[in-house]
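Student: I would like the atomic coordinates for the input below:
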Amino acid sequence: MRLVVQRSAFLAANLLATFVCTGWAAALDQPAAPAPPGDIPDKFEAPKTLYDFEKREVMIPMRDGVNLFTVIVIPKGAAHAPMILDRTPYSAVKFVTRAPSPHMALILPNAYGELAEAGYIIVAQDVRGKYKSEGNYIMNRPLTGTFNDSGVDHSTDAYDTIDWLVKHVPESNGKIATMGTSYDGFTVLMSLVNPHPALKAAVPFNPMVDTWVGDDWFHNGAFRQTYADYIYMQTKEKKSDDNPWTPPRYDAYETWLAAGSAGALGASLGMDQLPFWQRLMSHPAYDAYWQSQAVDKILARQPLTVPTLYVHSQWDQEDIYGAPAAYAATEVNDTRNDMNFLVIGPWRHGGGNVDGSSLGPIKFDGDTGRWFRRNVLLPFLDAHLKDDGAKAEIAPVTAFETGVNQWRRYERWPQSCIEGCPYTSRKLYLEANSKLSFAAPSSQPVGFDEYVSDPQKPVTYRPRPIRPTYADDSTWRRWLVDDQRFAGDRSDVLVYTSDVLSAPVRIAGQPIAHLFAATSGTDSDWVVKLIDV
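Tutor: Below you'll find the model as predicted:
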């Protein structure tokens with residue numbers, strides 16, 4: 001019995017082993033069970049029922065076959081709506097994604113959001129060679145001619161874009177305005193050269209006009225070193241926000257001083273590989289290269305066929321020359337004084353687009369930016385672009401007088417100049433003992449003041465530390481209203497002060513300095529500041 005049991009147990013174990021092995025082999029022959037589905041779908045699209053707009057992304061063909069990336073924001077239910085076109089090197093995608101929201105007023109920059117709510121279709125386009133657009137990027141691409149033999153420029157690109165939009169956006173009424181700030185303002189002015197018939201208005205905010213005389217790169221030949229970081233970011237790659245330049249020192253003043261020159265710093269950063277930097281280094285004088293690109297001179301030769309609203313900022317830290325210069329150059333062609341308009345607001349560069357209640361320590365009477373957009377910009381655009389737009393009752397010149405916190409309406413600008421203006425400019429004279437006077441000096445021999453300027457200790461243009469332009473703690477945007485005592489206390493800066501004013505003084509034009517000076521050096525740059533103490 002015992003033997004049988006043991007044998008039975010052995011047989012049972014063998015049978016079990018055979019069963020298990022056979023079952024295992026059978027399992028290997030079966031297809032694997034599918035993995036359970038994940039919780040993240042391959043593609044997800046949020047319902048658009050709560051959105052008050054439709055967004056389209058298109059590639060618009062240019063005459064040379066290059067396609068430009070364009071984003072179109074259309075208010076829901078729009079019909080016979082006018083369009084606003086902004087051509088930018090700063091990313092059309094970023095332009096329409098200011099904030100994640102189903103409301104167009106929040107995804108767009110302030111001024112454009114307000115216009116969208118007023119029934120405008122907003123179009124943002126990457127200029128050729130930047131971000132998602134095809135082609136080669138050239139900084140401030142010259143018009144076709146001596147310095148551009150490609151046959152295309154910002155004028156032709158604007159024309160081709162407008163032509164496509166009026167044919168392919170059925171919600172529009174076929175009327176377009178170009179609008180933009182700074183570089184985008186420059187592209188607005190380029191759209192006025194041989195303009196498309198559908199271009200009914202233009203609004204350049206603080207445009208780049210002559211970058212040697214008074215905008216951006218130079219100020220009458222004095223190279224603005226702080227722009228090296230912008231040039232580096234803008235021309236190193238297609239996406240200019242992906243490669244910020246971080247100076248090796250916290251204070252940019254020390255960075256430049258250690259480098260010794262703009263060329264030396266550029267070489268240390270590899271900027272001598274950048275074609276635009278090479279052109280800057282090759283054209284330090286106001287030669288044919290710069291003169292041929294002066295947009296005010298270009299526009300003066302064009303017939304004035306598109307109503308244009310120039311927007312200027314009194315404290316524009318970047319392009320303080322451009323808007324008034326372009327306005328003055330084209331105003332002579334406005335024979336009826338009803339095509340050319342100028343707005344002068346108490347803003348920094350681009351300040352007319354945003355809240356204008358203050359600038360640095362200066363507070364104004366309410367939001368001057370919103371007042372301008374509601375009372376000047378919108379009526380101007382409505383009058384020229386909407387099918388039923390009423391005539392805009394705006395003055396040829398609208399200027400904010402900061403001393404009394406009031407907007408003024410003028411027929412022309414400037415109000416004050418040496419001759420030919422409603423008011424004649426008054427003269428200020430330098431006197432001995434650091435005095436400043438409205439009275440002309442006597443006939444006695446004219447004296448002089450002198451100082452020692454040490455190139456190893458150059459005068460800064462704003463208080464140190466000078467942080468890079470795009471640093472979070474940079475004072476770049478408001479430096480024109482900085483307290484100036486940081487410079488006035490230096491021994492290599494001459495300061496002349498008037499007596500306490502006995503009556504208000506209003507500046508309604510461009511101050512001009514007639515400076516008689518000599519230097520023992522090879523060259524010098526003089527900066528003259530007129531300051532309200």
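
Student: at the geometric centre of the chain, which residue do we find?
Tutor: residue 182 (3.5 Å; C-alpha atoms, centre = their mean).

Student: how close does the residue nearest to it when sequence neighbours are not counted get to residue 270?
Tutor: In space, and not counting its chain neighbours, residue 182 is closest to residue 206: 5.6 Å by C-beta to C-beta, 6 or more residues apart in numbering. C-beta coordinates here come from the backbone N, C-alpha and C atoms, glycine included. Here residue 206 is placed at a distance of 30 Å from residue 270 (C-beta to C-beta, to the nearest Å).

Student: one step back: next up, the contacts around the residue nearest to residue 182.
Tutor: Shown in contact with residue 206 (C-beta atoms under 8 Å, 6 or more residues apart in numbering): 181-182, 185, 311-313, 316, 318-319, 322-323, 349-350, 352.

Student: buried set for stretch 169-188?
Tutor: By neighbour count on 16 or more other C-beta atoms under 10 Å, the buried set for stretch 169-188 is 169, 171-188.

Student: wait, stretch 65-75
Tutor: Going by neighbour count (16+ other C-beta under 10 Å), the buried part of stretch 65-75 is 66, 68-75.

Student: adding pLDDT as columns, could you present these in JSON lines?
Tutor: Listed next are the buried residues of stretch 65-75 as JSON lines, based on pLDDT from 0 to 100:
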{"residue": "66", "pLDDT": "98"}
{"residue": "68", "pLDDT": "98"}
{"residue": "69", "pLDDT": "98"}
{"residue": "70", "pLDDT": "98"}
{"residue": "71", "pLDDT": "98"}
{"residue": "72", "pLDDT": "98"}
{"residue": "73", "pLDDT": "98"}
{"residue": "74", "pLDDT": "98"}
{"residue": "75", "pLDDT": "97"}
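
Student: for residue 220, state which of these is nearest.
Tutor: Within the buried residues of stretch 65-75, the smallest distance to residue 220 is 34.9 Å, found for residue 68 (C-beta to C-beta).

Student: so the nearest residue to the closest one once chain neighbours are set aside: helix, strand or coil?
Tutor: What sits nearest to residue 68 in space, not counting adjacent residues and going by C-beta to C-beta, 6+ apart, is residue 133, at 4.4 Å. Following DSSP: H, G, I helix; E, B strand; the rest coil, the label given to residue 133 is coil.

Student: how near is residue 133 to residue 87?
Tutor: For residue 133, the distance to residue 87 - C-beta to C-beta - is 10 Å.

Student: could you say which helix or strand holds residue 266?
Tutor: Take DSSP states H and E as the rule and residue 266 turns out to sit in helix 262-268.

Student: same deal with residue 186?
Tutor: Per DSSP H and E, residue 186 falls inside helix 183-191.

Student: tell me the first helix or strand C-terminal of that helix.
Tutor: strand 199-205.

Student: partners of that next one in the sheet?
Tutor: Paired with strand 199-205 in the same sheet, following DSSP bridges, are strand 172-181 (parallel), strand 308-313 (parallel).

Student: let's have these in CSV, adding mean pLDDT and distance to residue 33.
Tutor: Below are the strands paired with strand 199-205 laid out as CSV (pLDDT from 0 to 100; distance: least, C-beta to C-beta, whole Å):
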stretch, mean pLDDT, distance to residue 33
strand 172-181, 98, 55
strand 308-313, 98, 67
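
Student: need the ones you listed in a markdown table with distance to residue 378, can you?
Tutor: A markdown table is the format used below for the strands paired with strand 199-205 (distance: least, C-beta to C-beta, whole Å):
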| stretch | distance to residue 378 |
| --- | --- |
| strand 172-181 | 12 |
| strand 308-313 | 11 |
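
Student: nearest to residue 417, out of those?
Tutor: Distance to residue 417, taken as C-beta to C-beta, is lowest for strand 308-313 among the strands paired with strand 199-205, at 16.5 Å.

Student: in PDB, list the C-alpha atoms belonging to the closest one.
Tutor: Taking C-alpha atoms only, strand 308-313 is exported to PDB below (Å, rounded to 0.1, in the frame of the first residue of the first chain):
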ATOM      1  CA  THR A 308      -2.000 108.400 -41.900                       C
ATOM      2  CA  LEU A 309      -2.100 108.900 -38.100                       C
ATOM      3  CA  TYR A 310       1.500 109.300 -36.700                       C
ATOM      4  CA  VAL A 311       1.700 108.400 -33.000                       C
ATOM      5  CA  HIS A 312       4.600 109.900 -31.100                       C
ATOM      6  CA  SER A 313       5.700 109.600 -27.500                       C
END
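
Student: and the contacts of that strand?
Tutor: 192, 201-207, 320, 322-324, 326-327, 330, 339-352, 372, 376-377, 380.

Student: try stretch 421-438
Tutor: Contact with stretch 421-438 is made by 412, 414-418, 439-441, 447, 449, 494-499, 505, 508-509, 512, as judged by C-beta under 8 Å, 6+ apart.

Student: mark which of the residues you listed are buried, thanks.
Tutor: By neighbour count, with 16+ other C-beta under 10 Å, the contacts of stretch 421-438 hold 414-417, 508-509 as buried.

Student: from those residues, which two are the most distant?
Tutor: Using C-beta to C-beta, the buried ones among the contacts of stretch 421-438 span at most 9.3 Å, a distance reached by 417 and 508.

Student: ok, now how distant is residue 435 from residue 498?
Tutor: 7 Å.

Student: my read: the residue nearest to residue 68 touches residue 62, true?
Tutor: No. Contact status for residue 133 versus residue 62: not in contact, 9.5 Å apart, counting by C-beta atoms under 8 Å.

Student: who touches both of those two?
Tutor: Listed contacts common to residue 133 and residue 62 are residue 68; contacts here mean C-beta under 8 Å, 6+ apart.

Student: in terms of neighbours, single out the busier of these two.
Tutor: residue 133 (24 against 19; other C-beta atoms under 10 Å).

Student: can you pull the pLDDT of that one?
Tutor: We note a pLDDT of 98 for residue 133 in this prediction.

Student: show me the contacts for it.
Tutor: Neighbouring residues of residue 133 by C-beta under 8 Å, 6+ apart: 66-69, 125-127.

Student: same check, this time on residue 126
Tutor: Residue 126 makes contact with 68-70, 88-89, 91-92, 132-133 under the criterion C-beta under 8 Å, 6+ apart.

Student: mind checking the SS state of residue 122?
Tutor: Classified using three-state DSSP, residue 122 is strand.

Student: that one - nearest residue in space that isn't next to it in sequence?
Tutor: Leaving out its chain neighbours, the residue that sits closest to residue 122 by C-beta to C-beta, 6+ apart is residue 73, at 4.4 Å.

Student: okay, and that neighbour sits in which element?
Tutor: Secondary structure assignment for residue 73, by DSSP H and E: strand 67-75.

Student: any idea how far residue 133 is from residue 83?
Tutor: Separation of residue 133 from residue 83 (C-beta to C-beta): 19 Å.

Student: try residue 219
Tutor: Taking C-beta to C-beta, one finds residue 219 at 36 Å from residue 83.

Student: and these two? Which one has more around it.
Tutor: Using other C-beta under 10 Å, the more surrounded residue of residue 219 and residue 83 is residue 83, with 26 against 17.

Student: distance to residue 45 added to the contacts of residue 206, as JSON lines?
Tutor: Compiled in JSON lines, the contacts of residue 206 are given as follows (distance: C-beta to C-beta, whole Å):
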{"residue": "181", "distance to residue 45": "33"}
{"residue": "182", "distance to residue 45": "35"}
{"residue": "185", "distance to residue 45": "36"}
{"residue": "311", "distance to residue 45": "39"}
{"residue": "312", "distance to residue 45": "44"}
{"residue": "313", "distance to residue 45": "41"}
{"residue": "316", "distance to residue 45": "43"}
{"residue": "318", "distance to residue 45": "40"}
{"residue": "319", "distance to residue 45": "41"}
{"residue": "322", "distance to residue 45": "43"}
{"residue": "323", "distance to residue 45": "43"}
{"residue": "349", "distance to residue 45": "38"}
{"residue": "350", "distance to residue 45": "34"}
{"residue": "352", "distance to residue 45": "37"}
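
Student: no more questions from me, cheers.
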